[in-house]
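Asks: sequence and predicted model, in that order:
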Amino acid sequence: MPEGVKPPESIYNCIPEKERKIEKPPLYMSKHRPAVLLESKSNKDARRTMGPAKIMVSPPDNYLKKRSTEARVCKNTPPSKHVRTVRKPPVPLRTEVPLMGIPTKKACLNTTVMVPKKPHPTIVDSNKGSKQLLENSGLVPKYSRKKDYGQVPEYLLQRNEEERIAQERHEDFLKEQREQASMKNLSEEERQAVLETLKKNWDKVHHEYQCLPLIIETLSRKTHKLRLEEAMTQLERDINLFERFKTIYIPSN
């Protein structure tokens, strides 16, 4: 409503409106509340968070001394029977003469001489002087100079041998299955004869298919055409099969 236009005055506006009191639902109070409060009060101990009620305090002259908490070993305790003590040999006397002239193969002179280590060849790979070993930099042929470089790894030879053995076992299994099923291997003459028969049948069906009229309206002619097409498709598959594979097995019965 625009600011200049005011609502029309009415006599009902003079009637005082009653205050609406919002009634709130009663506060939920659990029926277990008294039991919970009683249990929580009974479990509380006196001065539980303030430490013990009374602590025995040591007198001032009994202060903590150095090494007073360490375990002490009594000197007069006899040694146990199960513990065996090994004594060191006694110190030689001044009058004892040491053993001389014992032969040995150890070269004492060579062991005492320090052999200087040869520095590992390094390479600087940045203008800030950072170095790395020349062997790990990839600039020196490392693996191509090995004795077994370019040879077939041992695990590949073992895997190939396992595959060959598995293939032989599979062929033997197939051979046994063929023998058990009494399959007959077609000879080359029989295969050629079957192939010629299939081609003659295909020519016969194709000639019959070509003799069909161009316009086919009846249901019987449509069914006959579909049957000829299926027969030609099956004959083409059989001809392709006999032409591709030279070895063909058929049941002997």
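Replies: Nice, thanks for sending it over. Numbering: from 1, shown residues only.

Asks: show me this protein divided up by domain.
Replies: As recorded under the TED database, the domains making up the chain are 139-182, 184-252.

Asks: for those, give me CSV that also has mean neighbour count and mean pLDDT.
Replies: Just so you know, the C-beta spots here come from the backbone N, C-alpha and C atoms, and that holds for glycine as well. Listed next are the domains of the chain as CSV, based on neighbours: other C-beta atoms under 10 Å; pLDDT from 0 to 100:
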stretch, mean neighbour count, mean pLDDT
domain 139-182, 10, 88
domain 184-252, 12, 88
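
Asks: in TSV, list those domains along with distance to Pro59.
Replies: Listed next are the domains of the chain as TSV, based on distance: least, C-beta to C-beta, whole Å:
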stretch	distance to Pro59
domain 139-182	79
domain 184-252	111
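
Asks: which ones are touching the spatially most central residue of the chain?
Replies: Most central in the chain under C-alpha atoms, centre = their mean is Tyr155, positioned 22.8 Å from the mean C-alpha point. Applying C-beta atoms under 8 Å, 6 or more residues apart in numbering to Tyr155 gives no contacts.

Asks: so Pro60, which of the three states?
Replies: coil (DSSP: H, G, I helix; E, B strand; the rest coil).

Asks: which SS class is the residue nearest to the centre of the chain?
Replies: helix.

Asks: quick check: it vs Glu162, distance?
Replies: Between Tyr155 and Glu162 the computed distance is 10 Å (C-beta to C-beta, to the nearest Å).

Asks: Asn13: which of the domains of the chain is closest?
Replies: domain 184-252 (90.7 Å; C-beta to C-beta).

Asks: now the helices for the stretch 151-253 of the chain?
Replies: Using DSSP state H, counting those that start in this stretch, the helices of the stretch 151-253 of the chain run over residues 154-180, 188-210, 219-244.

Asks: for Leu134, which non-adjacent residue is closest in space?
Replies: In space, and not counting its chain neighbours, Leu134 is closest to Pro121: 4.2 Å by C-beta to C-beta, 6 or more residues apart in numbering.
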